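K.L.:
Structure here, sequence nowhere to be found:
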């Protein structure tokens, strides 16, 4: 199933279909490989330091064997060195669901309507003596969430209703989808009662089961800047950013053609695991993680090298909870890193991968270009010191699973296998909160139901 839907959405631009049948070649999401044509067009960008960085992850004694195609089914349990693929087109432009939506809007403007700068505030529900049925959503045009740049404080919202002819599909994301359900009376009844929200459907799993990758960055400064980023300011105005001007005028062939990650290493922290569980990806930038101030650091520091250690399938299970009944009240998001029984094992896996990254950067050909290690730093050497560094620098940016799909006998299952909210008619959730099922499967399910109606 996974392979079928993956092939359906992918439009692979860098492989031969007969040789790589696990990929899709006619979908809407374009995928490509490293933009090495940038160096062919501009050989001066490929300096010795950049060459050493690209080659430094190829040591088979440290990284393991090369993986020819990291996205093939045969590579699901492979470990070693791999070059990832990227969702960019052959012009080095990002390919995303935005392009898909724009294409549909252009081809079928009568069937798709957007309301930008609009906050969904509640699901409209009809509560009879025996059933609860969704019939629309309440929205607040011009309103924003507390995390939005345009948010100016909580206000009395001017709302209006949008009704549905057939069903309501919520796709507000891993945090806002459970918030919408809870604000509408769907969730743990005890929590809802704390904020005066009438419980219409008791589903204690709403906002539970929060999962994410555990990530930690290891940072070095090199002796010289990467030539490929000389003069780059990462701005949106070509008059203020020479690199952007060059990118626009020279077929998108400079450092801005790269997505950030160059190479990656897949490792297995325990032989008892069925597949690799740690991905370490290498970036020619000074990237501490997703923290305030980091974008400016990336723009200002051009001699950074980063290895990001990512622990997949961690034991952590967190929560998303309300702090009030107003749609603009901030959420209480608790990732609860390492607090499950498997936490120490997760920490150990990250620790050993940090050591492996350090070993790799201390070897030729990159070692002669390294000026100093910044984080954890040369004085952080013992396991306890590295663990403390992990606790203080952990981050993640792939959150999911807060409206879990599960069987009928699972009390924490929010959705059934057709993405339907349990106990509510005509309501589905299709987004990362219902991961790992994906939108293409949901489309099949929804279309099949519509044909039967």
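P.N.:
Okay, I see it. As the structure is a prediction and not an experimental result, all values here were calculated from the model.

K.L.:
quick one: the nearest residue to residue 194 once chain neighbours are set aside from residue 186, how far?
P.N.:
Distances taken as Cβ to Cβ, 6 or more residues apart in numbering place residue 322 nearest to residue 194, at 8.0 Å, with adjacent residues excluded. Bear in mind the C-beta positions are built from the backbone N, C-alpha and C, glycine included. For residue 322, the distance to residue 186 (Cβ to Cβ, to the nearest Å) stands at 12 Å.

K.L.:
more neighbours, the two?
P.N.:
Taking neighbours as other Cβ atoms under 10 Å, residue 322 and residue 186 compare with residue 186 leading, 29 against 22.

K.L.:
phi, psi of that one?
P.N.:
Phi and psi for residue 186, reported as degrees, to the nearest 10, are phi -120, psi 110.

K.L.:
The residue nearest to it when sequence neighbours are not counted: neighbour count?
P.N.:
Nearest residue to residue 186 in three dimensions, chain neighbours excluded: residue 201, at 4.7 Å (Cβ to Cβ, 6+ apart). Neighbourhood size, residue 201 [other Cβ under 10 Å]: 20.

K.L.:
now swap in the one 4 residues further on and tell me
P.N.:
The burial count assigned to residue 205 is 20, neighbours taken as other Cβ under 10 Å.

K.L.:
about what we covered before: isn't the residue nearest to residue 186 right up against residue 424?
P.N.:
Yes. When contacts are counted by Cβ atoms under 8 Å, residue 201 is listed as touching residue 424 (5.8 Å).

K.L.:
Could you pull out the residues contacting both of the two?
P.N.:
Contact criterion Cβ atoms under 8 Å, 6 or more residues apart in numbering; residues shared by residue 201 and residue 424: 132, 186.

K.L.:
before we move on, the earlier item: the residue nearest to residue 186: what's it in contact with?
P.N.:
132, 185-187, 421-424 are the contacts of residue 201 under Cβ under 8 Å, 6+ apart.

K.L.:
Check the gap between it and residue 378 for me.
P.N.:
56 Å.

K.L.:
Please pick the buried ones from the contacts of residue 201.
P.N.:
Using 16 or more other Cβ atoms under 10 Å as the burial test, those include 132, 185-187, 421-422, 424 as buried.

K.L.:
from these, which is closest to residue 326?
P.N.:
Using Cβ to Cβ, residue 185 is the member of the buried ones among the contacts of residue 201 that sits closest to residue 326, with 14.9 Å.

K.L.:
Go ahead and confirm that closest one touches residue 200.
P.N.:
Yes. With contacts counted by Cβ under 8 Å, residue 185 reaches residue 200, the gap being 3.7 Å.

K.L.:
Quick check: neighbours shared by those two?
P.N.:
Common neighbours of residue 185 and residue 200 (Cβ under 8 Å, 6+ apart) are residue 125.

K.L.:
what sits up against stretch 97-116?
P.N.:
Residues outside stretch 97-116 that contact it (Cβ under 8 Å, 6+ apart): 28-29, 139, 141.

K.L.:
Please flag which of the residues you listed sit within strands.
P.N.:
Within the contacts of stretch 97-116, residues falling in strands by DSSP state E are 29, 139, 141.

K.L.:
Please report phi then psi for the residue nearest to residue 186.
P.N.:
phi -140, psi 120.

K.L.:
elements contacting the helix or strand harbouring residue 440?
P.N.:
Here residue 440 sits within helix 439-452, counting by DSSP states H and E. Helix 439-452 sits against helix 2-9, with contacts defined as 3 or more Cβ pairs under 8 Å, 6 or more residues apart in numbering; DSSP states H and E.

K.L.:
how distant is the helix it packs on from the center of its chain?
P.N.:
19 Å (Cα atoms, centre = their mean, to the nearest Å).

K.L.:
tell me the angle it makes with helix 439-452.
P.N.:
Computed with axes from the mean of the first three to the mean of the last three Cα atoms, to 10 degrees, the direction of helix 2-9 lies at 90 degrees from that of helix 439-452.
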